[in-house]
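S.K.: build me a structure from this.
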Amino acid sequence: MAATTTLRQQFIMAKQLIDERRLDEARQLLMTINHPKAQEWIRRIDLVTMRANAANANVASVSRPRRVAQPQYTIEANKKQNSATAAVWAIVGTMLSMGAVAAMVLIAIDATTGL
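M.R.: As a prediction, this is how the structure comes out:
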């Protein structure tokens, strides 16, 4: 800054830079000003910059989908999976029907004993 630049002019220039979102340049200018208000403006710029960096980091992490390897399906693998699924359901069905029979037997025994 030229020696003839007044404190008021320096603040006006810093405000113009801030309004133009040229925060790094505004911060550099404010660093040359020995005034408590300049220090306050620097803290505000730092706060805005930190928030913007944090927001950008969050957006970057959200906007990048992770690549997950997709299983390769073939007709043979699909047939094996279907037959295994059918077998599991057959077992589950058998177990459920056996459970129902056992429950009916217990109900019948309970009814005859009166307990």
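
S.K.: could you use CA atoms for every contact and neighbour count after this?
M.R.: Will do.

S.K.: what about Ile33, neighbour count?
M.R.: By the criterion of other C-alpha atoms under 10 Å, Ile33 has 14 neighbours.

S.K.: using the three-state scheme, assign it.
M.R.: coil (DSSP: H, G, I helix; E, B strand; the rest coil).

S.K.: okay, now the domains of this protein?
M.R.: According to automatic domain parsing, the chain comprises the domains 7-61, 85-115.

S.K.: mean pLDDT lowest for which of those domains?
M.R.: Among the domains of the chain, domain 85-115 has the lowest mean pLDDT, at a mean of 63.

S.K.: show me which positions of stretch 43-53 end up buried.
M.R.: Residues of stretch 43-53 classed as buried: Ile45 (neighbour count, 16 or more other C-alpha atoms under 10 Å).

S.K.: other residues contacting it?
M.R.: 23, 27 (C-alpha atoms under 8 Å, 6 or more residues apart in numbering).

S.K.: can I get the CA coordinates of it in CSV?
M.R.: Output of stretch 43-53 as CSV, limited to C-alpha atoms (Å, rounded to 0.1, in the frame of the first residue of the first chain):
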residue,chain,number,x,y,z
ARG,A,43,-11.4,-13.7,12.1
ARG,A,44,-14.7,-13.4,10.1
ILE,A,45,-12.9,-14.2,6.9
ASP,A,46,-11.3,-17.2,8.5
LEU,A,47,-14.6,-18.4,9.8
VAL,A,48,-16.3,-18.1,6.5
THR,A,49,-13.4,-19.8,4.8
MET,A,50,-13.4,-22.7,7.3
ARG,A,51,-17.2,-23.2,6.9
ALA,A,52,-16.9,-23.1,3.1
ASN,A,53,-14.0,-25.7,3.2
